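Visitor: I'll drop the sequence and a predicted model, then ask my questions.
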Amino acid sequence: MLLMVETLPKQFKKNASRQLADEDLRKALTKSKGHFTGGRQKAIDNLPEFDSLRDKARDIKDHVLENLDFYLEEYEQKVISTGGKVHWASTKEDVQNTVLEICRSVNATSVNKGKSMIGEECDINEALENSGIRAVETDLGEYIIQIRDERPSHIIAPAVHLTKSQVEKSFRETHTHLDPQRILEEPPTLLEEARTVLRGKYFEAQVGITGANFLVAETGSSIIVTNEGNGDLSQLLPKVHIVLASIEKIVPSLEDASTLLRVLARSATGQEFSVYTTVSTGPRRKADLDGPEEYHVILLDNGRTNMLGTEFQDMLRCIRCGACMNHCPVYQSVGGHAYGWVYPGPMGAVLTPSLLGVDEAGHLPNASTFCGRCEEVCPVRIPLPKLMRHWRQREFESHLTPKFARYGIKLWAYLVKRPSLYKWVMGVQVKILFLLGKRQGRFSSLPFAGGWTKYREFPAPEGKTFQQLWSESSNE
Amino acid sequence: MNEQRQIILNNIRRSLGRSGPMDKEKISALKDRLTSPKRNLIPERTSLTSSSLITLFKDMAEGVFASVEEVDRLSDIPRAITSYLKKENLPSQVVMSSDEVLDSVPWEEQPLLGISKRIPEKDDMVSVTSAAVGVAETGTLAMFSGPDHPSTLNFLPETHVVVLPKDRVAKSYEDVWDMIRNNTAMGDRNEKKEMPRTVNFITGPSRSGDIEQTLLLGAHGPRRLHIILVDSKETN
Ligand code: SF4
C-alpha cells in the first residue's frame, strides 16, 4: 500500500511534518534542488538581457489582464475562423462536462493526456474514469504519479518527490506483463520501459488532451512547451485535440509569446529553450496528412475573475515556471504534497486560497520564512511575499487563524527581528515538544496551541527546527 | 456555454471596474497592437553576420545534443545520410515527405537507401525532413506542418534527420513569424499568409528529467536529432 498524503490544504501543518520525516522525499528533493537552481543561474548568466526581458514579460501580462475581456473575445474569434471551437467554463464541473460531451460525441474509450495543470485542477482523470473512459498520462512524471495514484508534487516536475527505486517498485507492480527478472534499477532502463509501454497507447486514443502555456489572440493559437514530445504525440495522433487553459493564459501577439518563452524555459529548467515549443492553430487543414480533425479549447475561470481588480491580480501573471518553489526553503524541506492541492510552493500558497477560499486554504501563506527568494527569481516579478502577507492579514481578520498562530504571529514578529534569539527559542521549543512527544509520539493537546489541537492532532516535531534542517541540507 | 461566456466576460468587466463597453479609441489602439505586432527586446547575441550566425546556430544545436554536419551540395545529402545511419548502426530505411528541398535531392545516387514517402508508422526507425527555418539564437529548428511536412515525422521515429539549407538560418523566433506573415518561407500553399496548423520549434532531441532529475535523451520523441546544413541548393 502506498503512503497517500491527505490532500487538503487545511492539513498543511500535519502534512508538512509527515513529509519532513520522509527519508525518500528528503533524498529526492536534495538531488533536485541544486539541479534546478544551478541550471537557472547558468542560463541567466548566458543572457545579459534577462532582467530586461523579465520587465517586459511582466508588462505584457499586466497589459493582458487589464484588457482581458477584449483579448479573450479576439482570441475566440480567431479560433473560430481557423475552424476550432471555444468552450467557456466557470467551474471545474463545467470543464468536466464539456470534456465528457466531446468524448462521447466521438465514442471515445481512451484519452491521452499531455501534462496539464488545469487538468489536475479539474480532476479530469477521475471524471473520465468515472464515465468509463480510460485516461492515460503520457508525460513520464505524470505517468509515474498516475500509476501510484498520487498528485503531482511540483508543477513542472510532477514526480520530483520520488527516488528511482520507488519508481522501479511502481513499474514492477504495474507492468506485470513484463519479465519479473528484468533489470530495472537505473533511470535509463526505467525511461525505456515507460517509452515502450506508452508507445502502444498513443495509437489507441480517440481524444488527446493537452494544456496550454500560452494562447495567442493574434492568431487563435495554443502553445505548449515540453521536453519529452509526449504532448505532441498526444495531440497529433488522436482524432480530437482538446486544449485545457485558464483565461489568463492569453497573450496578444506571437512576438509577446516569444518574449515570455525566453524567460520561461530559463526560469523553469535552466534550458535556453525547451526541446519542443509547439504552436497549434485549429484542426488539420484540407490537404494535411496528419493532425486532429477537431480542435477544441476549453477556457476555465474557476475563481480567477474574482482576483482581477484586487491585490491578487498580480498572481495571474504567473507562467507556471516553478522557479519560486525550486528556490523556496519551505518547499525544499516539506515537498509539494504538504500543500495539499495542485499548486505547491509560494505560488500555490497565494493561488490556492484565491481559488479554493480562505477557510479551505488560508493556512498556506503561513508556510513561508519570508526570505524573499521567490520574488527575486520570479520571471514575471510577482511580489509573492507581499501577497502571502495579504492572505495572512485576511485570514487573521476573518478569525480563521488558530489561536496559537494569532498569538504566535506577534511573538514571531518580535523574534524575527532578533535572529539569534529566534534560533534559540525555536530550538528549545522544538526540543521540548520532541521530548514530550516521545512518550506518545503525538499530542492531543498543547498548552499554547489549543486552537490548533482542538480539531487535529499535533504531530511531534522531529527534533530539529526548520532552520537546522535547512542549513543541513544546504551543506549536503 | 454561451451563458458561461457572458458570465465570465461580465465578471471580468465588473472586477476591472468597467461597467460599459470599452471606448472606441482604446479598442482601436488594442486592435492595432494585434494587427501590426511590434517586436519586443531581442537578445544581442544574434547581431551577427550571416556566416557567424550559422556558427552560432551550430554551436547552440550541438549544445543541446543535436549532431550537426555540413555539406556543400544537395547531391551530397544521400551519401551523408547513408554514412550517418551506418555509423549509428541504424537501418537504411527512411520515411520522408515530399517537399521542395527533399524533392531536389538526387536520391537515386544511393540505391541502398530505402525511401518511403508517407506519414510515419509505429515501427519506422528513421525520418528525414527539411526545416523551414533554423533559429540561431538557441539552435532551434522551425517546422511548418502541411501536406509536404506531416508533423508526426518530427516525433514518431527514433531518429530524425533534418536538412537545413544555410540560407534558411535566421536570427530569432520573431523572424519566423515575419516569414509566415510575409509568405517568404512556405511556397505557394501560404497564399493567405496564414499560420500553418502546427509550427514545431525543435531544440535538440527529446529528453526527460523526471526520474531523479537525471537528464536522459529519447523520451517520447526522437533520441537522435541529426542536422545536415547544406551550403547551396545547387545539385552540382
Ligand atoms: S509565481 Fe513566478 S516563479 Fe512561481 S511559478 Fe509563477 S511565474 Fe514561476
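Guide: On my side now, so go ahead.
Visitor: from chain A, how far out is the residue nearest to residue B:54 when sequence neighbours are not counted?
Guide: Nearest residue to residue B:54, sequence neighbours excluded (C-beta to C-beta, 6 or more residues apart in numbering or on different chains): residue B:169, at 5.2 Å. Placement of C-beta: from N, CA and C, glycine included. To chain A, residue B:169 is 16 Å away according to C-beta to the nearest C-beta, to the nearest Å.
Visitor: residue B:36 now?
Guide: 9 Å.
Visitor: model confidence for that residue, exactly?
Guide: Note on residue B:36: pLDDT of 91.
Visitor: ok, it - contacts?
Guide: In this structure, residue B:36 makes contact with no residue, judged by C-beta atoms under 8 Å, 6 or more residues apart in numbering or on different chains.
Visitor: can you give me the neighbour number for the closest residue to the ligand within chain B?
Guide: Distances between chain B and the ligand by C-beta to the nearest ligand atom are smallest at residue B:209, namely 17.1 Å. For residue B:209, the neighbour count with other C-beta atoms under 10 Å in any protein chain shown is 24.
Visitor: circling back to that earlier point, check contacts around the residue nearest to residue B:54.
Guide: Neighbours of residue B:169 in contact, by C-beta under 8 Å, 6+ apart: B:50, B:53, B:54, B:57, B:133, B:134, B:136, B:229.
Visitor: with residue A:77 instead?
Guide: Neighbours of residue A:77 in contact, by C-beta under 8 Å, 6+ apart: residue A:220.
Visitor: one more: the one 4 residues further on?
Guide: For residue A:81, the contacting residues are residue A:220, taking C-beta under 8 Å, 6+ apart as the criterion.
Visitor: give me the pLDDT for the residue nearest the centre of chain B.
Guide: Per C-alpha atoms, centre = their mean, the C-alpha nearest to the average position across chain B is that of residue B:142, at 1.9 Å. According to the prediction, residue B:142 has pLDDT 97.
Visitor: what about it, distance to residue B:117?
Guide: 22 Å (C-beta to C-beta, to the nearest Å).
Visitor: from the stretch 151-300 of chain A, which residue is nearest to chain B?
Guide: residue A:229 (2.5 Å; C-beta to the nearest C-beta).
Visitor: excluding covalently adjacent residues, which one is nearest to that residue?
Guide: That would be residue B:221: by C-beta to C-beta, 6+ apart, it lies 2.5 Å from residue A:229.
Visitor: who's in contact with the residue of the stretch 151-300 of chain A closest to chain B?
Guide: Residue A:229 touches A:275, A:276, B:155, B:206, B:219, B:220, B:221, B:222, counting by C-beta under 8 Å, 6+ apart.
Visitor: most surrounded residue in those?
Guide: Counting neighbours by other C-beta under 10 Å, the top entry in the contacts of residue A:229 is residue B:221, with 30 neighbours.
Visitor: where's that one relative to residue B:97, distance?
Guide: 17 Å.
Visitor: please apply the same query to residue B:42.
Guide: 31 Å.
Visitor: before we move on, what about residue B:106?
Guide: For residue B:106 relative to residue B:97 (C-beta to C-beta), the value is 17 Å.
Visitor: quick one: which of these two has more around it?
Guide: residue B:97 (21 against 14).
Visitor: phi, psi for the more buried one please.
Guide: Main-chain dihedrals, residue B:97, degrees, to the nearest 10: phi -110, psi 170.
Visitor: verify the stated contact: it with residue B:129.
Guide: Yes: using C-beta atoms under 8 Å, residue B:97 is in contact with residue B:129, at 6.1 Å.
Visitor: A strand includes residue A:321, no?
Guide: No: Residue A:321: not assigned to a strand; according to DSSP: H, G, I helix; E, B strand; the rest coil it is coil.
Visitor: tell me, how many residues neighbour it?
Guide: Neighbours around residue A:321, by other C-beta under 10 Å: 26.
Visitor: what score does it have for pLDDT?
Guide: 96.
Visitor: how about it, what does it touch?
Guide: A:156, A:263, A:264, A:267, A:268, A:379.
Visitor: could you export these as TSV, including distance to residue B:83 and pLDDT?
Guide: Shown next, in TSV, are those (distance: C-beta to C-beta, whole Å; pLDDT from 0 to 100):
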residue	distance to residue B:83	pLDDT
A:156	39	83
A:263	41	97
A:264	38	97
A:267	40	96
A:268	38	94
A:379	43	98
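Visitor: which helix or strand in chain A has the lowest average pLDDT?
Guide: helix A:450-453 (a mean of 32; mean pLDDT, DSSP states H and E).
Visitor: give me the low-pLDDT residue ranges for chain B?
Guide: B:1, B:184-193, B:233-236 (pLDDT under 70).
Visitor: excluding chain neighbours, what is closest to residue A:394?
Guide: residue A:358 (5.9 Å).
Visitor: thought the one you found was touching residue A:395?
Guide: Yes: using C-beta under 8 Å, residue A:358 is in contact with residue A:395, at 5.7 Å.
Visitor: neighbour-wise, which of the two wins?
Guide: Set residue A:358 next to residue A:395 and count neighbours by other C-beta under 10 Å: residue A:395 wins out with 23 against 17.
Visitor: separation between the more buried one and residue A:354?
Guide: 12 Å.
Visitor: before we move on, the earlier item: ok, now how distant is the residue nearest to residue B:54 from residue A:27?
Guide: Residue B:169 is 44 Å from residue A:27, by C-beta to C-beta.
Visitor: of all of chain B, which residue lies closest to chain A?
Guide: residue B:221 (2.5 Å).
Visitor: got the contact list for residue 44?
Guide: Just going to use chain A. Each residue near residue A:44 by C-beta under 8 Å, 6+ apart is listed here: A:50, A:266.
Visitor: switch to chain B, please.
Guide: A:48, A:49.
Visitor: hmm, residue B:199 and residue B:176 touching each other?
Guide: Yes: look at residue B:176 against residue B:199 with C-beta under 8 Å: they come within range, at 7.3 Å.
Visitor: number of nearby residues for the nearest residue to residue B:130 once chain neighbours are set aside?
Guide: The shortest distance from residue B:130 to any non-neighbouring residue, by C-beta to C-beta, 6+ apart, is to residue B:101 (4.0 Å). Close neighbours of residue B:101, defined as other C-beta under 10 Å, add up to 19.
Visitor: repeat for residue A:97
Guide: 15.
Visitor: gap between it and residue A:105?
Guide: On the measure of C-beta to C-beta, residue A:97 and residue A:105 end up 13 Å apart.
Visitor: which positions in chain A make contact with the ligand?
Guide: A:267, A:318-324, A:347, A:377-380, A:382 (C-beta under 6 Å from any ligand atom).
Visitor: do that again at 8 Å, thanks
Guide: Proximity of chain A to the ligand, by C-beta under 8 Å from any ligand atom, involves residues A:155, A:267-268, A:315, A:317-325, A:345-347, A:350, A:374, A:377-380, A:382, A:384.
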